[in-house]
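Colleague: got a sequence here, can you build the structure:
(chains A, B, C and D)
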Protein chains: 2
Amino acid sequence: MGRKREFDVDQALEAALCVFWRKGYEGASYTDLTQAAGVERPALYSAFGNKEALFRQALARYYEHYLDYFPEALKQPTSREVVADILRASAELYTRYPDRKGCLGIHGALAGSDDAEPVRRALIDARAIGEASLCDRLERAKQEGDLPETANCADLAAFVMTVLHGMAVQARDGFSRETLEAVARQALSVWPSGRSTPSGASS
Amino acid sequence: MGRKREFDVDQALEAALCVFWRKGYEGASYTDLTQAAGVERPALYSAFGNKEALFRQALARYYEHYLDYFPEALKQPTSREVVADILRASAELYTRYPDRKGCLGIHGALAGSDDAEPVRRALIDARAIGEASLCDRLERAKQEGDLPETANCADLAAFVMTVLHGMAVQARDGFSRETLEAVARQALSVWPSGRSTPSGASS
DNA sequence: TTAATTTCGTAATGGTTATTACGATAACGA
DNA sequence: TCGTTATCGTAATAACCATTACGAAATTAA
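Modeller: Below is the predicted model of the structure:
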């Protein structure tokens, strides 16, 4: 019973997500969020909790609705295709929306006041999970002979994630999708392929 | 004439620089800055102007005192050594101070409220200048036969800067210098060298 | 229709923000 | 020693921040 909600919760969360994506956790004021959601302040609070809880739900939605290509790419048959997919899709996502370029996982909270530490940590953890899943996939590739035995999968995964994070910064700086794709190609051009050519591996 | 200053201006600027490095432009409150500098609020204002002016001076100092290796690296004889120097020195700088890992040029202001837009732009411009100077150096390398004629210097410079920016993020995430150096090696392993082996160039 | 329950919008709360007014203090030239 | 000038620290200002008290409105069960 009781009065029924007059706004769409999912739609409000998406609006908040976009604001956080653009301004980051601390840069987004509750006024920004309520205006974007078209909802009064207490309504947002009752639906999502406080600002940090709202951000965490927005982050979860981001991973589900925007970063879904990442776990999908891990299913590619070869490690090279996995990485190529991830790089290409990221270049596209980071430049897709002119009003919020880059990546919420990066721009959400890189630096900030001490109050934002929990949120910063949440983002770090999320990034670490992504990197670990990539690392696991590369380990599998090594077992399958898709990567040379000398390959250091942790370092390779760190390299790919580094390029991803850098691309998010460059996207925010105004770089075009084409330029980011050129960066991705360059990053991929040294990818070690198969046991037959164990060249250029790290370590 | 008049009363003489009781604090060292350069020392106060350095203290402010460290706070901005750690918390970013908006994350650093004036209380943080004055406490770090050991100086009362009006003293900071009279010495540097408002918060934005203080940040800009801190940024200038950062480029002079911390990023001085960058223009220095451009003097290396080959493009490969140039890039290797930049990558290695950045990995070291980004992990040198445990209390402020990463790079002020990145963490200073990536995302934030609309008020911080001028500062964000200043950082973008600073990054663009660095990238342009690297691009120029690579063009020279191409003319000297140090890079294949098919090399796209703008894309290569963008790639190097992307890795740098990503390394700054990873450093803040807690990555060790060793891991960042492995990332740097991986990035360098695809570097095109000389006209004799025009492989792996972009475009 | 009445009672119970939930959401609604208005408007307030307490804390923090960047920025200064102001009187006291100190240094220098005359 | 006096007057000028610059810096000092205290304490105030006005705007914004996240969060919520509260009463009106609306929905359902009885």
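Colleague: check contacts around A:F20.
Modeller: A:A28, A:F55, A:A58, A:L59, A:L104, A:G108 (Cβ atoms under 8 Å, 6 or more residues apart in numbering or on different chains). Heads up, the C-betas are built off the backbone N, CA and C, glycines and all.
Colleague: farthest pair within those residues?
Modeller: A:A28 and A:L59 (12.7 Å; Cβ to Cβ).
Colleague: circling back to that earlier point, out of the contacts of A:F20, which is most surrounded?
Modeller: A:G108 (30 neighbours; other Cβ atoms under 10 Å in any protein chain shown).
Colleague: quick revisit: with secondary structure and pLDDT as new columns, can the contacts of A:F20 be given to me in TSV?
Modeller: Conversion of the contacts of A:F20 to TSV gives the following (DSSP: H, G, I helix; E, B strand; the rest coil; pLDDT from 0 to 100):
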residue	secondary structure	pLDDT
A:A28	coil	98
A:F55	helix	98
A:A58	helix	98
A:L59	helix	98
A:L104	helix	98
A:G108	coil	98
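Colleague: chain A against DNA strand D: which residues are in contact?
Modeller: A:1-4, A:28-31, A:41-42, A:45, A:50-52 (Cβ under 7 Å from any atom of the strand).
Colleague: can you tell me the closest non-neighbouring residue to A:A141?
Modeller: A:S79 (3.8 Å; Cβ to Cβ, 6 or more residues apart in numbering or on different chains).
Colleague: next, the contact list for that neighbour, please.
Modeller: Contacts of A:S79 by Cβ under 8 Å, 6+ apart are A:R137, A:L138, A:A141, A:D146, A:L147, A:W191.
Colleague: in helices, which of these appear?
Modeller: Judged by DSSP state H, helices contain the following of those: A:R137, A:L138, A:A141.
Colleague: which ones are touching A:L123?
Modeller: Here A:L123 is in contact with A:L59, A:G105, A:I106, A:G108, A:A109 (Cβ under 8 Å, 6+ apart).
Colleague: try 7 Å this time
Modeller: Counting by Cβ atoms under 7 Å, 6 or more residues apart in numbering or on different chains, A:L123 touches A:G105, A:G108, A:A109.
Colleague: same thing with A:A84?
Modeller: A:L188.
Colleague: need phi/psi at it.
Modeller: Main-chain torsions, A:A84, degrees, to the nearest 10: phi -60, psi -40.
Colleague: quick one: it from A:G102, how far?
Modeller: 21 Å (Cβ to Cβ, to the nearest Å).
Colleague: could you say which helix or strand holds the residue nearest the centre of chain A?
Modeller: Nearest to the geometric centre of chain A sits A:G105, at 4.6 Å (Cα atoms, centre = their mean). For A:G105, the host element (DSSP states H and E) is helix A:104-107.
Colleague: now do the same for A:D10: its pLDDT.
Modeller: A:D10 carries a pLDDT score of 97 in this model.
Colleague: can you give me the buried ones in stretch A:170-178?
Modeller: By 16 or more other Cβ atoms under 10 Å in any protein chain shown, the buried positions in stretch A:170-178 come out as A:Q170, A:A171, A:R172, A:D173, A:F175.
Colleague: what about A:A122, neighbour count?
Modeller: 18.
Colleague: next, count neighbours for the closest residue to it other than its chain neighbours.
Modeller: Nearest in space to A:A122, with sequence neighbours left out and distances taken as Cβ to Cβ, 6+ apart, is A:R56 at 6.3 Å. Per other Cβ under 10 Å, the neighbour tally for A:R56 reads 18.
Colleague: A:R56 contacts A:R121, correct?
Modeller: No. Counting by Cβ atoms under 7 Å, A:R56 does not reach A:R121; the two are 11.2 Å apart.
Colleague: buried only: go through the ones in helices among the contacts of A:S79 for me.
Modeller: A:R137, A:L138, A:A141.
Colleague: possible to save these as CSV with pLDDT and distance to B:E181?
Modeller: CSV is the format used below for those (pLDDT from 0 to 100; distance: Cβ to Cβ, whole Å):
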residue, pLDDT, distance to B:E181
A:R137, 98, 23
A:L138, 98, 19
A:A141, 97, 23
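Colleague: looking at the residues you listed, which is nearest chain B?
Modeller: Using Cβ to the nearest Cβ, A:L138 comes nearest to chain B of these, at 12.4 Å.
Colleague: please report how far the closest one lies from A:E178.
Modeller: Applying Cβ to Cβ to A:L138 and A:E178 gives a distance of 28 Å.
Colleague: hmm, A:E181 is touching A:A91, no?
Modeller: Yes. In this structure, A:E181 is within contact of A:A91 by Cβ under 7 Å, at 5.0 Å.
Colleague: what about those two, which has more around it?
Modeller: Higher neighbour count among A:E181 and A:A91: A:A91, with 26 against 19, using other Cβ under 10 Å.
Colleague: right, and the more buried one touches A:M167 too?
Modeller: Yes. Here A:A91 lies in contact with A:M167, judged by Cβ under 7 Å, at a distance of 6.2 Å.
Colleague: where does chain A dip in pLDDT?
Modeller: A:194-203 (pLDDT under 70).
Colleague: go again using 50 as the cut-off
Modeller: A:196-203 (pLDDT under 50).
Colleague: so who does whichever residue of it sits closest to DNA strand C touch?
Modeller: Across chain A, no residue is closer to DNA strand C than A:G2, which sits at 2.0 Å (Cβ to the nearest atom of the strand). By Cβ under 7 Å, 6+ apart, A:G2 lies in contact with nothing.
Colleague: how about it, phi and psi?
Modeller: Torsion angles, degrees, to the nearest 10, at A:G2: phi 90, psi 170.
Colleague: report the separation between it and A:Q11.
Modeller: A:G2 is 21 Å from A:Q11, by Cβ to Cβ.
Colleague: for A:V83, same thing?
Modeller: 35 Å.
Colleague: again, but for A:E117
Modeller: Plainly put, A:E117 is 30 Å away from A:Q11 if you go by Cβ to Cβ.
Colleague: swap in A:D85?
Modeller: 30 Å.
Colleague: higher neighbour count, those two?
Modeller: A:D85 (17 against 12).
Colleague: what sits closest to the more buried one if chain neighbours are left out?
Modeller: Spatial nearest neighbour of A:D85, chain neighbours left out: A:A73 (3.7 Å); criterion: Cβ to Cβ, 6+ apart.
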